[in-house]
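Visitor: The sequence and its predicted three-dimensional model are supplied below.
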Amino acid sequence: MLKIKNVSKYYGKTTALGEVSLRIPKGSCYGLVGPNGAGKSTLIKILSSIIHDYTGEAIVDNKALTHEQKGKIGYVPQDICLEEGLSAIGNLYLFGKLYGLNGKKLKLRALEVLKQIDLENRAKDKVSTFSGGMKRRLNIGCSLMHNPDILIMDEPTVGIDPQSRNYIFQMISEIKNDGGTIIYASHYIDEVEVLCDEVAFIDKGEVVENGSVDELLKRYATPSIFMKGNPLTLNDIKQYGDVSAKKGGYMLTTNEPLQVMENIIAHCRNHVIDLERLELVQPRLEDIFFSLTGSELRD
Ligand SMILES: Nc1ncnc2c1ncn2[C@@H]1O[C@H](COP(=O)(O)OP(=O)(O)OP(=O)(O)O)[C@@H](O)[C@H]1O
């Protein structure tokens, strides 16, 4: 379990984080979601012991985040941090040594990690010849060298191809299956929705909401129905819920979507309206974030 209690960090007059408290369960994939400048990287840098001048407490397995606890954490920075002139295995050796590995242990661990990041066939190639996605995978591999219990990833899929993105997702589910904890910061909320068990919404340095993804979806998202018909007008449907025009049709929110769908079908049949589309729209985390903060997540 990782706990953050009343953590604040200021840069001059800028509040990067204000009294943030979170509990991150062991073995979970925990999403930190917020727009650019929300404070995600600052929180991650505190947990990775890169930033020390903060107030509040960070606690790992019931102990304050000290040098000893630091070894339990792996950090994948937002910007790729590799030695371009070294090979993939050379970089893994370098980071492994920084974490205190050497000799046979270092070599064995590097081979394990190479397999995990699926770069065995490029082990001896220089990083400067790698694609952006391969560099991202190697960057993650470097942070796994000391076999951390908690892996913190800061926007790990920015600027990569879909194939590498899938590799990263696969890696995350394998780490989770092995009992590892992942903290995944992203402003790609669709990724968080797929990968994470729990999520914290961060905006302007504050946690505006947190909890299990399923629970938040249930708690906040009102079901919506999208419909399009010829000739379907606002007057035909406004009696069934809140309606807004969207994509050439109408979006209607209601707490009784199935009943309303039945009513609309009956109404269209009785009024000779050709109903071209009638769909239940799945609630999304992105809509919840927007309704709570008024902030958009995308660049
Ligand atoms: N070294 C710094 N000096 C001054 N202000 C900073 C510094 N680092 C971050 N900030 C400010 O702190 C706030 C939080 O930034 P942070 O990088 O933590 O956000 P973020 O959510 O990670 O955003 P992004 O996704 O763009 O990295 C922002 O207002 C940012 O401008």
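Guide: Perfect, thanks for sending it. What you see is a predicted model, and the numbers here were worked out from it, not measured in a lab. Numbers count the residues shown, from 1 in each chain.
Visitor: alpha carbons only for contacts and neighbour counts from here, please
Guide: OK.
Visitor: Show me where the stretch 151-299 of the chain has its strands.
Guide: Applying DSSP state E, counting those that start in this stretch to the stretch 151-299 of the chain gives strands spanning 181-186, 198-203, 206-212, 224-230, 242-246, 249-253, 274-281.
Visitor: Contacts made by the second one with the rest, please.
Guide: Outside of strand 198-203, the residues within contact range by Cα atoms under 8 Å, 6 or more residues apart in numbering are 28-35, 38-40, 192, 207-213, 289, 293, 295.
Visitor: same question, the fourth one
Guide: With Cα under 8 Å, 6+ apart as the contact definition, strand 224-230 has outside contacts at 248-254, 257, 261, 273-283.
Visitor: coming back round to it: would JSON lines of the strands of the stretch 151-299 of the chain with mean neighbour count and mean pLDDT be doable?
Guide: Below are the strands of the stretch 151-299 of the chain laid out as JSON lines (neighbours: other Cα atoms under 10 Å; pLDDT from 0 to 100):
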{"stretch": "strand 181-186", "mean neighbour count": "25", "mean pLDDT": "94"}
{"stretch": "strand 198-203", "mean neighbour count": "24", "mean pLDDT": "94"}
{"stretch": "strand 206-212", "mean neighbour count": "18", "mean pLDDT": "93"}
{"stretch": "strand 224-230", "mean neighbour count": "19", "mean pLDDT": "88"}
{"stretch": "strand 242-246", "mean neighbour count": "14", "mean pLDDT": "82"}
{"stretch": "strand 249-253", "mean neighbour count": "21", "mean pLDDT": "86"}
{"stretch": "strand 274-281", "mean neighbour count": "14", "mean pLDDT": "88"}
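Visitor: what residues are up against Ser173?
Guide: With Cα under 8 Å, 6+ apart, Ser173 has these contacts: Leu195.
Visitor: switch the cut-off to 10 Å
Guide: The neighbours of Ser173, taking Cα atoms under 10 Å, 6 or more residues apart in numbering as the test, are 29, 167, 179-180, 182, 195-196.
Visitor: ok, of the residues you listed, which come out buried?
Guide: 29, 167, 180, 182, 195-196 (16 or more other Cα atoms under 10 Å).
Visitor: can you pull the alpha-carbon coordinates of the helix or strand bottoming out on mean pLDDT in the chain into CSV?
Guide: Within the chain, no helix or strand scores below helix 67-70, which has a mean of 74 by mean pLDDT, DSSP states H and E. Presented in CSV, the C-alpha positions along helix 67-70 are these (Å, rounded to 0.1, in the frame of the first residue of the first chain):
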residue,chain,number,x,y,z
HIS,A,67,16.2,5.6,0.9
GLU,A,68,15.3,2.0,1.9
GLN,A,69,11.7,2.3,0.6
LYS,A,70,13.0,4.1,-2.6
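Visitor: ok, whichever helix or strand comes after it near the ligand or not?
Guide: Later in the chain than helix 67-70, the nearest helix or strand by DSSP states H and E is strand 73-76. No: on the criterion Cα under 6 Å from any ligand atom, strand 73-76 is out of touch with the ligand, staying 13.1 Å away.
Visitor: Which members of the contacts of Ser173 define the maximum pairwise distance?
Guide: Farthest-apart pair in the contacts of Ser173 is Tyr167 and Gly179; separation 18.7 Å (Cα to Cα).
Visitor: and the least confident helix or strand of the chain, what other elements does it pack with?
Guide: The contact analysis (3 or more Cα pairs under 10 Å, 6 or more residues apart in numbering; DSSP states H and E) places helix 67-70 against strand 55-60.
Visitor: ok, for Gly205, nearest residue in space, not its chain neighbours?
Guide: Leu17 (4.0 Å; Cα to Cα, 6 or more residues apart in numbering).
Visitor: Tell me the bridge partners for that neighbour.
Guide: Counting by DSSP bridges, Leu17 is bridged to Lys9.
Visitor: List, one by one, the residues from the chain near the ligand.
Guide: Counting by Cα under 6 Å from any ligand atom, the chain comes close to the ligand at 11, 16, 34-42.
Visitor: now, which of the contacts of strand 198-203 lie within helices?
Guide: If you go by DSSP state H, the contacts of strand 198-203 have 40, 192, 213, 289, 293 in helices.
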